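A.B. asks: sequence-free structure coming up:
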């Protein structure tokens, strides 16, 4: 009798080891939460970056670009909206730059004029302060919220804009419909985010040029010393 029970005991032990090993793979080093915490810490060191975003609502195609330089306190924002259900398609473009809290908008003749669109509250100082504190900046992926509320699963490796990264699948608990399923691709070497997708309207954002010197077409008045600008 005892000899017949031994194989079953052995099988149960093997199953138990497999279950424990599976659990440790999520709780131990390399788990999603720990990887995302490493990303959050890496983002604290970011001082410049570029974000390209696109979405395709049923009757629109939207593209936006942000370029942020923390050290010079500059945010450059471009947006391009196309209304696809009209003939001809409707189109709107906006080009704004915020330098040290002062907003300038691109005019029809290509020059810069006073801000008209009210983006002045999205300053580089605000975005970069959020990154340095480890809180969500609303430009880079909301890693802090994902750590608190996300169910994180490891995906496959891929290449985004020439950078090797690993995709992570994130299900946000309690998120509104269309916003509960995200993917984030984190750099294999620097752990920074390089791509994010959201179910809502096929939204996709790519992130690049971390900690590089960004080139801006600056308004002339923004280049003048403070005493001369007054």
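C.D. replies: Done, it's in. All values derive from a computational prediction rather than experimental measurement.
A.B. asks: can you give me the helices in the chain?
C.D. replies: Secondary structure of the chain (DSSP state H): helices located at 2-27, 32-43, 124-133, 143-149, 220-223, 226-229.
A.B. asks: which other helices and strands contact the fifth one?
C.D. replies: In terms of contacts (3 or more CB pairs under 8 Å, 6 or more residues apart in numbering; DSSP states H and E), helix 220-223 is packed against strand 102-106. All C-beta spots, glycine's among them, are computed from the backbone N, C-alpha and C.
A.B. asks: For the strand it packs on, name the packing helices and strands.
C.D. replies: Strand 102-106 makes packing contacts with strand 90-99, strand 112-114, helix 220-223 when contacts are defined by 3+ CB pairs under 8 Å, 6+ apart.
A.B. asks: Please tabulate those in CSV and include mean neighbour count, distance to residue 48 and mean pLDDT as additional columns.
C.D. replies: Below are the helices and strands packed on strand 102-106 laid out as CSV (neighbours: other CB atoms under 10 Å; distance: least, CB to CB, whole Å; pLDDT from 0 to 100):
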stretch, mean neighbour count, distance to residue 48, mean pLDDT
strand 90-99, 17, 14, 92
strand 112-114, 15, 21, 92
helix 220-223, 12, 17, 83
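A.B. asks: Look up the closest residue to residue 181, ignoring the ones flanking it.
C.D. replies: residue 199 (4.8 Å; CB to CB, 6 or more residues apart in numbering).
A.B. asks: ok, the one you found - how many residues close by?
C.D. replies: 14 (other CB atoms under 10 Å).
A.B. asks: Do you know the pLDDT at the nearest residue to residue 180 once chain neighbours are set aside?
C.D. replies: Among residues not flanking residue 180 along the chain, residue 172 sits closest, at 5.0 Å (CB to CB, 6+ apart). At residue 172, the predicted lDDT confidence score is 89.
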